[in-house]
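Asker: structure of the sequence below:
(chains A and B)
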Number of protein chains: 2
Amino acid sequence: MPYEKAEAYIKKHQNRMLQDLFNFLSIPSLSKDSKERNGLYEAAEFLSTYLNSIGIPMVRWITFEDAAPIIYAERHQGSHLPTILIYGHYDVQPPGKLEEWCSPPFAPEIRGNCLYARGASDDKGQLLTHLQALEAVIQTGRELPFNIKFLFEGEEEIGSPGLLALLSRVREARFVEIIDEQGREHTLDLQADVVAISDTPFLFENQPALCIGTRGLCGIEITVHGPAQDLHSGGYGGLVENPLHALSAMIHSLHNVDGSIAVNGFYNDIASIPNEIRSIIQQTSPSEELLLQQLGVPALYGEAGYTPLERIWIRPSLEVNRMYGGDIGSSPRTIIPSVAHATVTVRLALGQNPAHIADIIQKHLMSKAPSTVRVNTKLLDQCWAWMADVSHTAYAHALQALAYGFGKEATFIQMGGSIPVLAHFSEHLQAQVVLLGFGLPSDNIHSANENFSLSQREQGLRTLVAYYQTPWPPVEKGSCL
Amino acid sequence: MPYEKAEAYIKKHQNRMLQDLFNFLSIPSLSKDSKERNGLYEAAEFLSTYLNSIGIPMVRWITFEDAAPIIYAERHQGSHLPTILIYGHYDVQPPGKLEEWCSPPFAPEIRGNCLYARGASDDKGQLLTHLQALEAVIQTGRELPFNIKFLFEGEEEIGSPGLLALLSRVREARFVEIIDEQGREHTLDLQADVVAISDTPFLFENQPALCIGTRGLCGIEITVHGPAQDLHSGGYGGLVENPLHALSAMIHSLHNVDGSIAVNGFYNDIASIPNEIRSIIQQTSPSEELLLQQLGVPALYGEAGYTPLERIWIRPSLEVNRMYGGDIGSSPRTIIPSVAHATVTVRLALGQNPAHIADIIQKHLMSKAPSTVRVNTKLLDQCWAWMADVSHTAYAHALQALAYGFGKEATFIQMGGSIPVLAHFSEHLQAQVVLLGFGLPSDNIHSANENFSLSQREQGLRTLVAYYQTPWPPVEKGSCL
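Answerer: Below you'll find the model as predicted:
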């Protein structure tokens, strides 16, 4: 077996490697809370030290004003070899309601076969599998058939503003010029053939999968201002527009009864999906019964004419992520609240321009706002949908590694979530993005009790040992699909 | 001047009387927070002591299980004299958002001409004017031309459950039988000709007013359950009904575009209002310009065909007092929230049965709930609208006292708020309710910075000195209107 030395290394160091992951997960590296940046710096420090320890000596921090540092490092093997750039993010989602967590979000704990902590799956746990697999390969003396570059950011959960600024500076030659804190100019070579990312889940447990498409994202914060202050509902009810009524009407107007989105022109620019892909999706679809049980809802919902997975993967959707007005958390007073809030985000299909969609939704909302209130809107982060070119040999390479690591042929899947940087990697680096994710649908990412399956982690490490040791298969265009 | 002795007494004791009010307002007697009952008991204790100090020796506490005590006391002058029962409440609304208060809600502070504190106007400040006016009358040795009874409760802000239970036990003879803590039976004589209440505002400053009608109230708490837990909006958006979308649709369905309420049969039982009353209302209506400026809204709202005051006084209205789902107070996650909440209350017109209206609204909401979610509802406190019989001599008596106290003829007004006990006093005691309120629209009751105008308080005391010293004018049916 060509991979046995590296696997033996992992086995020998398994306790220490798990302890390293615990240490990484213990750092509250929240990017959404702008007041607290220490966690982000601590997590960046952790990764820098880790890279040094596995034999990557030169680690560079790239910072834009007070953004979380972008970590860049590389290991050059030979100019004739293809280059893999490993991307990951060390920031995590806010923990949400603490009382819903069975163990504290930043005190990692193993229960059953899972490791529970915020970031366990999204993305610290998955990111670290790359470094630990590479450690095993490098420390057991194998020659890598790739040049490796590392690019880790700490702002994925807030839309990757720093990384996008960096990528937008990439020229045709794929170089970035940056100026360091001493005012010196540096040139960073981001050229890569493949961007490898582990930040996605399988669709089912025990079925290795390669994600080939993600949805885009745009969003709007809406604030509806009614009376100058909360009013007694007896004293003024019937004379003053209630901002919550106006907001409910505006939110309700965004969907048609059939589940489609009722904004003029919303569906105009959606790219058609190849029949082969649609047929894969339709074959993959889980049973409605299973979905109902998994989700705990009395009935499914959604756009007519599409299977459950098509609704999530290739069709857009619009969700109110939060909405509030009046007394929250205390006893409700009988008032007309002065103000009402909602946050709306849209998952975009391939071809939809996030800026355009945000614009037409904003105009739609304003057109539905009654003249009895004042409405403010604020645009949120935006990114395009992404789809892989699965005929590229990088996909055959990834499928091979997955089959080895999980002992089973891998299938193509997509995901309904968004990874803002994907479209930018495709556009600016012209690299193939390979989503080698090892998560599971039960990981509870963005929710309470986020976790990472320990067996997914183990098989993920095996997959990556194979991935980094195996040269690219001969290019056979179109062989994957 | 027949009232000069009592007024001189008030002047002499003005600092102490104001300090007594400060002490009363410093007690956080919140009835909505069921965990903290100490404030209620402390406020009840304050009133008992106060009653004793002004010459009312026998004060009885009536308690139902762990309800806030109802305070009953009386001063008998002669069986041939009419009886006035003074009703007030010593509980207060929750303070709401503390950061909106310029001074702490339970640390009374005078700024300008106003006394700021929770309960300053609703109702501690107004209640105490009765005791302080009576103190002046009694201590200056005047014979009262009335028998006086006192009935103070501590649950008005939660719908007066204890008092309503008490009143429902009143028999034809207007006696209540209660059993004390030692198991002994007592008979309480609640018989009264007039129930005098100071818990309402004038419509305009410098225009004394007697409130002759209030709206009723019913309400529903709605909880919409979607998926078993918050879901990632990328992973599931488009496949699972968002409880906030369902709730927005349900809330939106409650009104027609013209501002009327879209619930079948809602308007069926509304009693017609005498033309004389409608004409008083139409003459009283403030200008739209003034209302816009006062309320801080770009345009008024409401049911077509009715003037602003008619909308508030004699027409019903339906308000969402609060609504929430998703992450409140923290950074919003991109989720489909598992649950969404709303509290809806309705202000009822004369003739509308609160139980029936709550029932048809509940049925309407359930009929609008999609099958993709589960909906729970819970009924809230209910009370009927009330309207005075203004031809009774008790109204001439009150108008006389107001004219003396404020130096100006008083007008009839109504109010859009609800005082649950009014309909019960009318029904069970067959007493005339007289709403001798001294508040102002700027008192911010139920909001931050609640206050009571010191000159309203002073003139209110003068009014009550006259009210309690002056015998009823001869009965002239129909003379008031």
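Asker: stretch A:263-276 close to chain B?
Answerer: No: Stretch A:263-276 does not reach chain B (CB under 8 Å from any CB of the partner chain); its nearest approach is 12.9 Å. Using the backbone N, CA and C atoms, a C-beta is placed for each residue, glycine as well.
Asker: what about that stretch, how long is it end to end?
Answerer: 30 Å (CA to CA, to the nearest Å).
Asker: rounded mean pLDDT for stretch A:43-61, please.
Answerer: In this model, stretch A:43-61 has an average pLDDT of 93.
Asker: does anything pack onto the strand or helix carrying residue A:464? Which helices or strands?
Answerer: Using DSSP states H and E, residue A:464 maps to helix A:454-469. Counting by 3 or more CB pairs under 8 Å, 6 or more residues apart in numbering or on different chains; DSSP states H and E, the packing neighbours recorded for helix A:454-469 are helix A:4-12, strand A:114-116, helix A:124-139, helix A:393-406.
Asker: of all the ones you listed, which lies closest to residue B:417?
Answerer: Within the helices and strands packed on helix A:454-469, the stretch nearest residue B:417 is strand A:114-116; the backing value is 50.3 Å (CB to CB).
Asker: contacts for that closest one?
Answerer: Outside strand A:114-116, the residues that touch it by CB atoms under 8 Å, 6 or more residues apart in numbering or on different chains are A:21, A:25, A:102-103, A:108-110, A:120, A:125, A:449-454, A:457.
Asker: show me just the buried residues among those.
Answerer: Buried members of the contacts of strand A:114-116, counted by 16 or more other CB atoms under 10 Å in any protein chain shown: A:21, A:25, A:108, A:109, A:120, A:125, A:449, A:450, A:451, A:452, A:453, A:457.
Asker: list the buried ones in the helix holding residue A:464?
Answerer: Applying 16+ other CB under 10 Å to helix A:454-469 flags A:456-469 as buried.
Asker: for residue A:425, grab the count of nearby residues.
Answerer: Using other CB atoms under 10 Å in any protein chain shown, residue A:425 has 25 other residues around it.
Asker: also the one 10 residues further on?
Answerer: As a burial measure, residue A:435 scores 24 neighbours (other CB under 10 Å).
Asker: again, but for residue A:165
Answerer: Residue A:165 - counted by other CB under 10 Å - has 14 other residues nearby.
Asker: one more: residue A:227?
Answerer: So residue A:227, with other CB under 10 Å, has 22 neighbours.
Asker: roughly how far apart are it and residue B:386?
Answerer: Between residue A:227 and residue B:386 the computed distance is 26 Å (CB to CB, to the nearest Å).
Asker: so the residue in the stretch 351-481 of chain A positioned nearest to chain B: helix, strand or coil?
Answerer: Residue nearest to chain B within the stretch 351-481 of chain A (CB to the nearest CB): residue A:417, separated by 2.8 Å. Secondary structure, DSSP: H, G, I helix; E, B strand; the rest coil: residue A:417 is coil.
Asker: confidence score at the closest residue to it other than its chain neighbours?
Answerer: Distances taken as CB to CB, 6 or more residues apart in numbering or on different chains place residue B:234 nearest to residue A:417, at 2.8 Å, with adjacent residues excluded. Listed pLDDT for residue B:234 reads 91.
Asker: tell me who's in contact with residue B:234.
Answerer: A:214, A:215, A:217, A:347, A:415, A:416, A:417, A:418, B:334.
Asker: surely residue A:337 and residue A:245 touch.
Answerer: No: using CB atoms under 8 Å, residue A:337 is not in contact with residue A:245, being 10.3 Å away.
Asker: so which residues of the stretch 1-150 of chain A form helices?
Answerer: A:4-12, A:14-25, A:38-53, A:124-139 (DSSP state H, counting those that start in this stretch).
Asker: in the shortest one, what's buried?
Answerer: Residues of helix A:4-12 classed as buried under the neighbour-count rule (16+ other CB under 10 Å) are A:5, A:6, A:7, A:9, A:10.
Asker: so which of the residues you listed is the closest to chain B?
Answerer: Nearest member of these to chain B, counting by CB to the nearest CB, is residue A:10, at 30.0 Å.
Asker: shaky segments in the stretch 101-250 of chain A?
Answerer: A:172-174, A:180-181 (pLDDT under 70).
Asker: who in it is up against chain B?
Answerer: So far as CB under 8 Å from any CB goes, the stretch 101-250 of chain A lies against chain B at A:214-215, A:217, A:219, A:226-242, A:244-245, A:247-249.
Asker: quick revisit: for the residue of the stretch 351-481 of chain A closest to chain B, what are its contacts?
Answerer: A:200, A:214, A:215, A:347, B:232, B:234, B:235.
Asker: which two of the residues you listed have the greatest separation?
Answerer: A:200 and A:347 (14.6 Å).
Asker: between those two, which one's more packed in?
Answerer: residue A:347 (29 against 25).
Asker: sorry, back to before: and the buried residues of helix A:454-469, which two are furthest apart?
Answerer: Counting by CB to CB, the most remote pair of those is A:456 and A:469, 20.4 Å apart.
Asker: kindly indicate which of the contacts of residue B:234 lies nearest residue A:300.
Answerer: Using CB to CB, those come closest to residue A:300 at residue A:416, 14.2 Å.
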